[in-house]
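Novice: Next input, structure requested:
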Amino acid sequence: MQKILDENYYDFIINNSMIPRYSTGDNITLLNDAHSLLHISRSVMDVCDIGRTPYYAFPSVYTLASSASDEISANKTVEINTDYNLLGQCTLVGIVDTGIDYQHPAFRNADGSTRIVSLWDQTDQSGVSPKDFTYGTEYNKQQINAALLSNNALSLVPTVDTIGHGTAIASIISGSINTINSFSGVVPYSELVVVKLKEAKKNLRNVFLIPEDELCFQESDVILGIRYLVEEAKKMERPLVICIAMGTSQGIHDGQGVMSQYLANLLLLSGVDVSIAAGDEGNRGRHYFGSIDSDPYSTEFQLNIGNDDKKLSMEIWPNIPGRPTIQIISPDRMITYKIEPSFNECIKFAFGQGLVWVNNIIFEEETGLQLILIRFDQAEPGLWTFRLDSTEDQPFYFNSWLPAGNLISDYTYFINASPDTTITNPGNSINTLTTSAYNQIDGTILVQSGRGYTSNGMVKPDIAAPGYQIPCALPQNRYGTMSGTGAAAAQAAGGIAMVMEWTLCKGNFTSLTGKQINRMIARGAKRSSSNLYPNNVWGYGQLDINGLITRLINVL
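Specialist: Below is the predicted model:
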């Protein structure tokens, strides 16, 4: 078995400069030009492996943004562009998600052939992996077309989307016109490159205490998926827009990190762009902000843990100059001693039938900041209190985040939570287009839409796009709707494809980078006189591709 699939091996992210020190010939998987995975065998794995190995080496865990339903909306397909007949010709749409129902008419031409040019299923080990990748099976357009002509398509191309999220996202961007169902994607003449992600390894779930039955994905697999999309676009010499409708609340939320850096660099290339969902964490009570600027330089805050949330983690990121200790008080008033900052200590406490692990990391190596990582197993439900005390009588402020998406229930939340700084990573990356979601019927922002700014004050989101009951395709030839920032990011990705068609494909501007396109979209956004821009809810305003193209034409 490949080590990247083997549960006896951790996948640690390392800088490529470290490969000569650690390589044994078969324990390295290249991620990109800057980073790789180092596969390390451990006969015994436990929670305190964070501490023995730095926090930043463990890939983050991603969850899906937005959910789809069979409910058919009375809303018609959102018209992003009506004046210039831009339907995505010559553009590629990249999807890295739960897969795609390739048999659905939403992804087929009028003659029944596929609009998917290649598909990498990371979960399928039965066939040939893509060139320069070591796992999964790649299916090309010819294989998919042969399957579509057969009486048993899945016997030839056995890939399905059991979740439906990837199918929905792909269709919002690129779905074929269907007059019977009054459906069309934003750019129905575009073609698709698709990656079906494998789920996160159990050993990664275990170290972050993620429930076994909850769907989640591994940052490193997402990075490899994006690399595959980019390499396919290079082969075909076609402009590519990637939609990332998933994210994580792990990390400092300031645009640092392996994924964020990778995306920021990709967008300096001509003809590559990325649209990212801001996440649906805005109203879920999973972010707390505290600021301590006067003596005695201490504070307390509280977390309510729901009855069903037995396994979870939380992160506290204090900022300089203060370096706080932490004490934890359980719902039945059991209290720990003060846990001092240290470099690699991992401390276990018993609270009744449950366990709590604490790492108070004085210097998290990737960011240079302090990180207090707390993980619960068989957590006692009720109100938990956390006390922070500055060790040197210095002021500090801090952000604390709980897991995103489906990893905890809505019954676990901070008391006096802040809806700000709730954009999931990699939505805090520089250069990328991060999209919040609004109700296109009444013009209000969706309450769940993630809010900025980043933790270091950078403007995010960049724009807001329609995200309420957006028509979409669902597996097994169904149609339905999707709401949330994933749907909005898909709308924005379709808008990017239109800009690429008019500029790169039609020869009007032939060397635009993704960063440049995103700045054009932000500058050309529609703004209300009642708001100040940019702001942490709408970014620079509402997506307005029609207005942007009009401005570009007037420039020429």
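
Novice: how close does Leu388 sit to Gln370?
Specialist: Here Leu388 is placed at a distance of 11 Å from Gln370 (C-beta to C-beta, to the nearest Å). Bear in mind the C-beta positions are built from the backbone N, C-alpha and C, glycine included.

Novice: residues bridging contact with those two, i.e. touching both?
Specialist: Pro318, Pro324 (C-beta atoms under 8 Å, 6 or more residues apart in numbering).

Novice: So for stretch 492-506, what gets flagged as buried?
Specialist: Neighbour-count burial for stretch 492-506 flags 492-505 (criterion: 16 or more other C-beta atoms under 10 Å).

Novice: likewise stretch 34-47?
Specialist: Quick answer for stretch 34-47 (16+ other C-beta under 10 Å): His35, Ser36, Leu37, Leu38, His39, Ile40, Met45, Val47.

Novice: Where do the helices of the stretch 101-250 of the chain begin and end?
Specialist: Remark: helices assigned in the stretch 101-250 of the chain by DSSP state H, counting those that start in this stretch are 141-149, 153-156, 165-174, 202-207, 219-236.

Novice: Output those as JSON lines; include the columns distance to Ala464 and mean neighbour count.
Specialist: Shown next, in JSON lines, are these (distance: least, C-beta to C-beta, whole Å; neighbours: other C-beta atoms under 10 Å):
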{"stretch": "helix 141-149", "distance to Ala464": "35", "mean neighbour count": "16"}
{"stretch": "helix 153-156", "distance to Ala464": "39", "mean neighbour count": "13"}
{"stretch": "helix 165-174", "distance to Ala464": "16", "mean neighbour count": "31"}
{"stretch": "helix 202-207", "distance to Ala464": "33", "mean neighbour count": "18"}
{"stretch": "helix 219-236", "distance to Ala464": "24", "mean neighbour count": "22"}
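
Novice: Could you say which one of the ones you listed comes nearest to Asp111?
Specialist: Evaluated over those, closeness to Asp111 peaks at helix 141-149, with 10.0 Å, by C-beta to C-beta.

Novice: Can you name every helix or strand that the closest one contacts?
Specialist: Packed against helix 141-149 by the contact rule (3 or more C-beta pairs under 8 Å, 6 or more residues apart in numbering; DSSP states H and E) you find strand 116-121, helix 153-156.

Novice: Mean confidence (pLDDT) on the first one, please.
Specialist: Mean pLDDT, computed over strand 116-121, is 98.

Novice: Kindly confirm my reading that Gly282 forms part of a strand.
Specialist: No. Gly282 is assigned coil when assessed by DSSP: H, G, I helix; E, B strand; the rest coil, not a strand.

Novice: from here on, count from 46
Specialist: Done: numbering now begins at 46, and the last item shifts to Gly327.

Novice: What is the burial count for it?
Specialist: By other C-beta atoms under 10 Å, 24 other residues sit near Gly327.

Novice: cool, the one 10 residues further on as well?
Specialist: Counted with other C-beta under 10 Å, the neighbours of Ile337 add up to 20.

Novice: Quick check: the gap between it and Ala155.
Specialist: Look at Ile337 and Ala155: by C-beta to C-beta, they are 64 Å apart.

Novice: And Tyr524, by the same measure?
Specialist: Counting by C-beta to C-beta - Tyr524 and Ala155 are separated by 18 Å.

Novice: For those two, work out which one has more neighbours and name it.
Specialist: A count of neighbours by other C-beta under 10 Å puts Tyr524 above the other of Tyr524 and Ala155, at 22 against 8.

Novice: Wait, that one touches Gly230, no?
Specialist: No. The pair Tyr524 / Gly230 is not scored as a contact, 11.8 Å apart, by C-beta atoms under 8 Å.

Novice: Strands along the stretch 46-195 of the chain, start to end?
Specialist: Using DSSP state E, counting those that start in this stretch, the strands assigned to the stretch 46-195 of the chain run over residues 54-60, 73-75, 80-86, 106-109, 112-114, 137-142, 161-166, 182-185.

Novice: Can you tell me how far Asn310 is from Gly559?
Specialist: Taking C-beta to C-beta, one finds Asn310 at 10 Å from Gly559.

Novice: Could I get the average pLDDT for stretch 322-342?
Specialist: 96.

Novice: Also stretch 359-371?
Specialist: The model assigns stretch 359-371 a mean pLDDT of 95.

Novice: Single out the most deeply packed of the strands of the stretch 46-195 of the chain.
Specialist: Sort the strands of the stretch 46-195 of the chain by mean neighbour count, taking mean count of other C-beta atoms under 10 Å, and strand 137-142 sits at the top with a mean of 28.

Novice: Adjacent strands (with direction) for that one?
Specialist: Neighbouring strands of strand 137-142 in its sheet, by DSSP bridges, are strand 236-241 (parallel), strand 285-289 (parallel).

Novice: Out of those strands, flag the one nearest Tyr578.
Specialist: So among these, strand 285-289 is nearest, using C-beta to C-beta, at 24.1 Å.

Novice: tell me the angle that closest one makes with helix 210-219.
Specialist: Relative orientation of strand 285-289 and helix 210-219, computed by axes from the mean of the first three to the mean of the last three C-alpha atoms, to 10 degrees: 140 degrees.

Novice: For strand 285-289, output the C-alpha coordinates as PDB.
Specialist: Taking Å, rounded to 0.1, in the frame of the first residue of the first chain, the C-alpha atoms of strand 285-289 are listed here in PDB:
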ATOM      1  CA  LEU A 285      -8.400  27.700 -15.500                       C
ATOM      2  CA  VAL A 286     -10.600  28.900 -12.600                       C
ATOM      3  CA  ILE A 287     -10.700  26.700  -9.500                       C
ATOM      4  CA  CYS A 288     -13.500  26.800  -7.000                       C
ATOM      5  CA  ILE A 289     -12.800  25.900  -3.400                       C
END
